[in-house]
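Peer 1: after the sequence you'll find the predicted model.
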Amino acid sequence: MRFTVAIDGPAAAGKGTISRAVAARFGFAHLDTGALYRAVGVKGGDPVAAARGLTAGDLARDDLRTLEAGQAASRIAVIPEVRQALLDFQRAFARREGGAVLDGRDIGTVICPGAEVKLFVTASPEVRAHRRWLEVGGDEARVLAEVKERDARDMNRADAPLKPAADAMVLDTSEMSIDEAVAAAIAHIEALRG
Ligand code: CDP
Ligand code: CDP
């Protein structure tokens, strides 16, 4: 059985939380594609070489979830050769036997345009920044500024910009708890899965 769930959206919208819950509920494998870009961003050196030579160790670093890693990821994510180097791995993962859920920015638009389910998870910048601030601490105004800066860079790049696929269901979680957002995603997948 091959079944792909594509979950896209801006920073700290709840993509990862929803993806993990969907993977657990349906027994699908989960790939956090943002981790690939974060690992390339923090590795330093030539980003195209880093993307081509990404190792399990690069993906296991404990500094991938910092604000700095997010910024570094979005800077190297504008480079078409970097995106190209990560493409085959993501596509193969998506079509693995047993089903897969991938979360990122371009899963429904570029990586898996034929995905059986596409969700675009979003929330207001203020709500998303508050959620991220609860995770990383520091100055909340700075977290909001960084979230907005990263979103703008992701939406305005020429290659694979962040936007909902034409056939994606948009889920605005601004006023939803985690449990409500997960329930809405699972209900949508169950309806499409038949
Ligand atoms: O993967 P993404 O950056 O889109 O977001 P996430 O890591 O799943 O969620 C960011 C933070 O927001 C986590 O701490 C979640 O627990 C929290 N969250 C929330 O409070 N309410 C939601 N409806 C979704 C996520
Ligand atoms: O968890 P959060 O939403 O904050 O970020 P992430 O999903 O880990 O992605 C980090 C950065 O990687 C994004 O801001 C994008 O610039 C880039 N990215 C991308 O270009 N395409 C993807 N499929 C996933 C991430």
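Peer 2: Okay, I see it. Numbers count the residues shown, from 1 in each chain. Ligands and ions are numbered 1, 2, ... in the order given.

Peer 1: okay, CA-based contacts and neighbour counts for the rest of this
Peer 2: Noted.

Peer 1: can you pull the contacts of the residue positioned nearest the centre of the chain?
Peer 2: Centroid-nearest residue in the chain, with Cα atoms, centre = their mean: residue 104, separated by 2.1 Å. Applying Cα atoms under 8 Å, 6 or more residues apart in numbering to residue 104 gives the contacts 7-9, 15, 32-34.

Peer 1: neighbours around the closest residue in space to it that isn't next to it in sequence, how many?
Peer 2: Distance criterion Cα to Cα, 6 or more residues apart in numbering; nearest residue to residue 104, sequence neighbours excluded, is residue 8 at 4.9 Å. Number of residues near residue 8 (other Cα atoms under 10 Å) recorded here: 29.

Peer 1: distance of residue 8 from ligand 1?
Peer 2: Separation of residue 8 from ligand 1 (Cα to the nearest ligand atom, to the nearest Å) stands at 8 Å.

Peer 1: Three-state assignment for residue 162, please.
Peer 2: Going by DSSP: H, G, I helix; E, B strand; the rest coil, the secondary structure assigned to residue 162 is coil.

Peer 1: quick one, strands of this structure?
Peer 2: 4-8, 29-32, 100-104, 117-122, 169-172 (DSSP state E).

Peer 1: let's have the ones you listed in a markdown table, adding mean pLDDT and distance to residue 194.
Peer 2: Output for these, formatted as a markdown table (pLDDT from 0 to 100; distance: least, Cα to Cα, whole Å):
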| stretch | mean pLDDT | distance to residue 194 |
| --- | --- | --- |
| strand 4-8 | 98 | 14 |
| strand 29-32 | 98 | 20 |
| strand 100-104 | 98 | 17 |
| strand 117-122 | 98 | 12 |
| strand 169-172 | 98 | 17 |
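
Peer 1: as a markdown table, those with distance to residue 155 would be great.
Peer 2: Formatted as a markdown table, these follow (distance: least, Cα to Cα, whole Å):
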| stretch | distance to residue 155 |
| --- | --- |
| strand 4-8 | 12 |
| strand 29-32 | 19 |
| strand 100-104 | 13 |
| strand 117-122 | 13 |
| strand 169-172 | 16 |
